[in-house]
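1. Turn this into a model:
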Amino acid sequence: MPDEQMAGAGSAPVPPGAAPGAPPVPSVPPRPLDPIDRSIIRLLQADGRASIRSVAEQVHVSRANAYARINRLIDDGVIRGFTARVNHERAGQGASAYITLKIVQNSWRTVREQLRELPGAAHIALVSGDFDVLLLVHTPDNRTLRELVLTRLQAIPEVLSTRTLLVFEETDLLAPGAGPAAGPTISEE
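-> Residues are numbered from 1 along each chain as shown. Here you go, the predicted structure:
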């Protein structure tokens, strides 16, 4: 990356004893975010490849200030990394579904590790309510989705039941031009 891009844009180190792939736990309590920090976060959510100069101009601070703030947000674990938003249909993953799971009590960590290994698993959350886990998957087609649910998910001993909710259409709220939730966008330089 050019020096104008984010330096040290990797994630914070994982503490000893934490599960691999688990979000890092900063050793200091979180600092409150001011409006400039929140604006920087919105800008980087819209374009994680934005230059320091562009971010600084958009939030009306110096490049040094923007650089220091971004590095602090990374070091504090607020920004966990930078990634690409993928159009799953164009990437050959035309079937998407949210799958709810009821699991054996106290089996979350075991189930989470098994769900991480599933092809197409995009998001896993432990939730409250009528079910225990919410899983988002992307697969090439409904046949592959069916196989994933019937042969992979239901074969996990700690999974008591599943319910599949097909996604018919998605809207990326962080995409530029997606509406007010997207926040300001970064223009080309």
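2. those helices in this structure, which residues are they?
-> Remark: helices assigned in the chain by DSSP state H are 35-46, 52-59, 63-75, 108-116, 142-147.
3. Return the distance of stretch 69-79 from the chain's centre.
-> Distance, stretch centre to chain centre, for stretch 69-79: 16 Å (C-alpha atoms, centre = their mean, to the nearest Å).
4. Same check on stretch 100-107?
-> Centroid displacement of stretch 100-107 relative to its chain, using C-alpha atoms, centre = their mean, is 22 Å.
5. outside of that stretch, which residues touch it?
-> 111, 130-135, 153, 157-163, 165 (C-beta atoms under 8 Å, 6 or more residues apart in numbering). To be clear about C-beta, it is placed using only N, CA and C from the backbone, and glycine gets the same treatment.
6. Could you single out the most deeply buried of the helices of the chain?
-> Highest mean neighbour count of the helices of the chain: helix 52-59, a mean of 19 (counted as mean count of other C-beta atoms under 10 Å).
7. angle of that one against helix 35-46?
-> 130 degrees (axes from the mean of the first three to the mean of the last three C-alpha atoms, to 10 degrees).
8. Spatially, which two of the contacts of stretch 100-107 are the most separated?
-> Pro157 and Leu165 (23.5 Å; C-beta to C-beta).
9. In this structure Arg63 contacts Ser54, no?
-> No - shown here, Arg63 and Ser54 do not form a contact pair, counting by C-beta atoms under 8 Å, at 9.8 Å.
10. The residue nearest to the spatial centre of the chain: what's it in contact with?
-> Closest residue to the average C-alpha location of the chain: His123 at 7.4 Å, with C-alpha atoms, centre = their mean. Shown in contact with His123 (C-beta under 8 Å, 6+ apart): Leu134, Leu135, Leu136.
11. what sits against the second one?
-> In other words, Leu135. If you count contacts by C-beta under 8 Å, 6+ apart, Leu135 has them with Tyr98, Ile99, Thr100, Leu101, Leu115, Leu118, Ala121, His123, Ile124, Ala125, Leu153.
12. Leaving out chain neighbours, which residue sits closest to it?
-> The spatially closest residue to Leu135, leaving aside those adjacent along the chain, is Ile99, at 4.5 Å (C-beta to C-beta, 6 or more residues apart in numbering).
13. same deal with the last one?
-> In space, and not counting its chain neighbours, Leu136 is closest to His123: 4.0 Å by C-beta to C-beta, 6+ apart.
14. who's sitting farthest from the centroid in the chain?
-> The chain, farthest from centre, C-alpha atoms, centre = their mean: Ser62 at 28.8 Å.
15. gap between the nearest residue to that residue once chain neighbours are set aside and Ser39?
-> Counting by C-beta to C-beta, 6+ apart, the nearest residue to Ser62 once its immediate chain neighbours are dropped is Ala56, at 6.1 Å. Taking C-beta to C-beta, to the nearest Å as the criterion, Ala56 is separated from Ser39 by 11 Å.
16. Alright, calling it a day.
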